[in-house]
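1. sequence isn't available, so here's the structure alone:
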């Protein structure tokens, strides 16, 4: 980790990276001889949660320097050896400021990711420049929203082919041939075809709108020195008056000739953003790998890696390749979905699982195996693995032979891969390409992989996978042959969160209840529906209708990793009230957009209509069984209507198909709904992962047939739920509470008497001293079945703890161990509703050591419901 507001990799330029990509045929960068440098004490930390060491001495600021406070969107331009950090749209304007390095949040010590709304103090040498030579006080001033998916995107591209005219500063210079550039985009097997094929038509160029304009700009020192902002500004000023810049979504600048030495790259793209720049040669605008890489930077995609070397993955355009993105990149873009997601909930221990895996070009559904090896434990589980078959066809027509017909293995940082907020580089890394008939044992993942024969006719391969504890000799084949899993009809997600594992079964639901009258349901406007009939005697759908049948008998529980051999049952949702009451507004009612009064508003605990925690996400799941013919494609899709407080990510069979917000607040709030869903024959899972951004939390939804006459499922207490801490890190154990808080109030016969309660903090060594600039919030959950209960919380804290239950601050306490009269206002009485509640301790350190230890016990004091340890998660800020 670099010092505050500084990244050592860029500061010293020590890594022998190529300047963008190496100088190869059909690749886009220039091989430049870099003079080796020698440096010591370069610390490289892998992972999203490393602490930041003490900052280096900041540059001195002269009295004439100008210090200003600015805010805007943080952007990165990934060039080598030194990338460029920008703050764009500063203070709501079109102005951008260049930063000396990546900003580091002053409170958390974490590097701020591109795409985040950032405020900071910029020091300028004078008022005539927008290049900060020092920055400080960096902070994220707006909560992150889920990253925009790169699917269903139409690119309206303006390409400016630049040349220079004579000026007093420099001479004229020619540029690329406009016709050749246009042909590169729109000709046979051109970039438009390449993008459409790789994205399965989810990112396409507007071919009619695409404009390639010859643009002559006056020569200037800034331009010939490859100042890309000066180039962009000058180019737009010289456009013909009939070209409406506002009509375009993305801007491509083809640089004049002879700038290769000054630029040192073949292509450059904003991350994220809308602009990209290219040299006028086969390393730049005439390389499809270069063009795809730079435009996909605009959508937040980073470079491909191999063996710790950036760009070195030749299987993807995001590295050195001229082919489609790799499997994890396809997933992150929302272009393709997995055949299966394997984790400890879905992947039995020591039993081989067999899959028939199609090549990625066949996509977009079921073309990769995604593995979340959470069985390794929180400390060892740092990366996700992707397995995919690549074959030379379609967008992968130029795939290198070393990857063709082979099982490609990639891994990436799980903290970024399991979340969908703007983040840093997940380092998507190629780790191997296995030949058919080969096998490999990955002890770092505790996995054994067997690769079968590559079927060239169907472009499929048989993949057999087993997870073990100590070695592959534990693995056995099931007693009866496994049926190959067919590609699932999933739709692609945005940058995805951790999908929920389906519950095997739940108590029988009532039969589907029809809504009258039986009239076809257009998407817009919706047909008004009257109140539903008496549920005691619903009109059954016709045999040809889609049916909601009872789930099959429960399968035997699949074994998990030791010590517990079975997965615990998932709790059922808590009904808060009718959707018509909980989401009363202009869009809810029998003749409105959301028109099912039997859809219940649900959450994980009672009382959420008044307020709930923002530190967890809740995933609600049900199953739907389709008999007869599949509903894929027209004419029988299904439609999901949903109201949510505040954000819902919709999953079908584990794949995130879309994200929606709110819907009840005003008449125009019900957007992107109903959601079209295609289901296969058999039993599918429907899951809603809901995030609360503040205040109440709840969700109501119903899934209806294509004609709107039959409700297949609706939210109620039959839905199950799981919760997660939104990939928050886990607390660090400092030691037993009896040791860390030794004093007159701690002991088996004292006020605080649980020796298993562990003192925790966000980093090791906090017993000796910790920062006073942050507050740490530690969170756990408690599930209560049957009836509401009262519990007692005992807590020791250094120094101040604010206690929250389900997002509500119930009290504040201090210290407790220092002298006999110090343990006041404790134990704290806490009322827990039926369902799952969150208990959070927001701890502030006023100086010296920092830590907290607590345990929650039953009202009679005989049972400990939860205690502080490394299973608690934390956030800072």
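-> Ah, there it is. For clarity, every value in this text was computed on a predicted model and none was experimentally measured. Numbers count the residues shown, from 1 in each chain.
2. in contact with residue 65, which residues are there?
-> 123-125 (CB atoms under 8 Å, 6 or more residues apart in numbering). Bear in mind the C-beta positions are built from the backbone N, C-alpha and C, glycine included.
3. also residue 97?
-> Residue 97 touches 70, 72, 86-87, 90, 122, 130-132, counting by CB under 8 Å, 6+ apart.
4. is it possible to mark the buried ones in the contacts of residue 65?
-> For the contacts of residue 65, a neighbour count by 16 or more other CB atoms under 10 Å gives the buried set as 123-124.
5. circling back to that earlier point, and the contacts of residue 97, which is closest to residue 458?
-> Of all the contacts of residue 97, residue 458 sits closest to residue 86, with 47.2 Å by CB to CB.
6. name the helices or strands packed onto the helix or strand harbouring the closest one?
-> Here residue 86, judged by DSSP states H and E, is contained in strand 84-88. Contact partners of strand 84-88 among helices and strands, from 3 or more CB pairs under 8 Å, 6 or more residues apart in numbering; DSSP states H and E: strand 66-77, strand 97-99, strand 117-124.
7. just give me how far that strand sits from the chain centre.
-> 22 Å (CA atoms, centre = their mean, to the nearest Å).
8. try stretch 130-138
-> 29 Å.
9. pull up the distance across it, start to finish.
-> Terminal residues of stretch 130-138 lie 17 Å apart, using CA to CA, to the nearest Å.
10. sorry, back to before: out of the contacts of residue 97, which is most surrounded?
-> residue 87 (26 neighbours; other CB atoms under 10 Å).
11. would residue 91 count as being in a helix?
-> Yes: under DSSP: H, G, I helix; E, B strand; the rest coil, residue 91 falls within a helix.
12. show me the contacts for it.
-> 70-72.
13. of those, closest to residue 848?
-> Checking the contacts of residue 91 one by one against residue 848 (CB to CB), the nearest turns out to be residue 71, at 34.0 Å.
14. nearest to residue 436, out of the helices and strands packed on strand 84-88?
-> Across the helices and strands packed on strand 84-88, closest to residue 436 is strand 66-77 (CB to CB), at 39.5 Å.
15. quick one: classify the nearest residue to residue 720 once chain neighbours are set aside as helix, strand or coil.
-> Distances taken as CB to CB, 6 or more residues apart in numbering place residue 570 nearest to residue 720, at 4.0 Å, with adjacent residues excluded. Under three-state DSSP, residue 570 falls in the coil class.
16. how near is residue 570 to residue 180?
-> Distance, residue 570 to residue 180, using CB to CB, to the nearest Å: 59 Å.
17. and what of residue 393?
-> Taking CB to CB, one finds residue 393 at 27 Å from residue 180.
18. hang on, the earlier thing: got the contact list for the residue nearest to residue 720?
-> 503, 621, 720-722.
19. by neighbours, which of the residues you listed wins?
-> residue 721 (25 neighbours).
20. just checking, that one touches residue 616?
-> No: counting by CB atoms under 8 Å, residue 721 stays clear of residue 616, with 10.7 Å between them.
21. so what's residue 603 up against?
-> Here residue 603 is in contact with 573-574, 576, 612, 618, 697-699, 835 (CB under 8 Å, 6+ apart).
22. so what's it bridging to?
-> Residue 603 has these beta-bridge partners by DSSP bridges: residue 574.
23. quick thing: my sequence starts at 9, can you match it?
-> New numbering, starting at 9: the last item is residue 611.
24. any weak-confidence spans in the stretch 259-408 of the chain?
-> Scanning the stretch 259-408 of the chain for pLDDT under 70 picks out nothing.
25. for the chain, same thing?
-> Using pLDDT under 70, the chain drops low at 9-72, 88-89, 151-157, 428-430, 487-577, 636-643, 734-735.
26. can you give me the helices in it?
-> 16-20, 186-194, 199-206, 229-232, 236-245, 268-271, 296-305, 335-341, 422-425, 587-590, 745-748 (DSSP state H).
27. as TSV, those helices with distance to residue 787 and mean neighbour count would be great.
-> Output for these, formatted as TSV (distance: least, CB to CB, whole Å; neighbours: other CB atoms under 10 Å):
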stretch	distance to residue 787	mean neighbour count
helix 16-20	33	17
helix 186-194	50	17
helix 199-206	40	21
helix 229-232	51	18
helix 236-245	43	18
helix 268-271	48	16
helix 296-305	35	27
helix 335-341	27	27
helix 422-425	17	22
helix 587-590	25	22
helix 745-748	18	22
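28. residue 278: which of those helices is closest?
-> helix 296-305 (6.5 Å).
29. what's the offset of the closest one from the middle of its chain?
-> 21 Å.
30. cool, and stretch 799-810?
-> 33 Å.
31. now do stretch 83-96
-> 22 Å.
32. in a markdown table: the helices and strands packed on strand 92-96, plus distance to residue 204.
-> Shown next, in a markdown table, are the helices and strands packed on strand 92-96 (distance: least, CB to CB, whole Å):
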| stretch | distance to residue 204 |
| --- | --- |
| strand 74-85 | 27 |
| strand 105-107 | 35 |
| strand 125-132 | 33 |
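33. quick one: which of those is nearest residue 410?
-> strand 74-85 (30.3 Å).
34. packing partners of the closest one?
-> strand 92-96, strand 125-132.
35. may I see those arranged in a markdown table, with distance to residue 147 as well?
-> As requested, the helices and strands packed on strand 74-85 are arranged in a markdown table below (distance: least, CB to CB, whole Å):
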| stretch | distance to residue 147 |
| --- | --- |
| strand 92-96 | 12 |
| strand 125-132 | 5 |
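36. and the residue lying farthest from the centre of the chain, how far from residue 599?
-> In the chain, the residue that sits farthest from the middle, by CA atoms, centre = their mean, is residue 176; the gap is 50.4 Å. According to CB to CB, residue 176 stands 71 Å off from residue 599.
37. which parts of stretch 165-176 are buried?
-> Those would be 165-172, for stretch 165-176 by 16+ other CB under 10 Å.
38. closest one of the residues you listed to residue 785?
-> residue 165 (44.6 Å).
39. tell me what that closest one is bridged to.
-> Going by DSSP bridges, residue 165 forms beta bridges with residue 258.
40. so it makes contact with residue 215?
-> No: the criterion here is CB under 8 Å, and residue 165 misses it with residue 215 at 9.9 Å.
41. and residue 130, bridged to which residues?
-> Residue 130 has these beta-bridge partners by DSSP bridges: residue 76, residue 143.
42. list the contacts of the residue lying closest to residue 612 once chain neighbours are set aside.
-> Of all residues not flanking residue 612 in the chain, residue 844 sits nearest, at 4.3 Å (CB to CB, 6+ apart). Residues counted as contacts of residue 844 (CB under 8 Å, 6+ apart) are 579, 612-613, 626, 729, 731, 789-792.
43. switch to 6 Å and redo it
-> Each residue near residue 844 by CB atoms under 6 Å, 6 or more residues apart in numbering is listed here: 612-613, 731, 789, 791.
44. now, among the residues you listed, which is nearest to residue 740?
-> residue 789 (19.4 Å).
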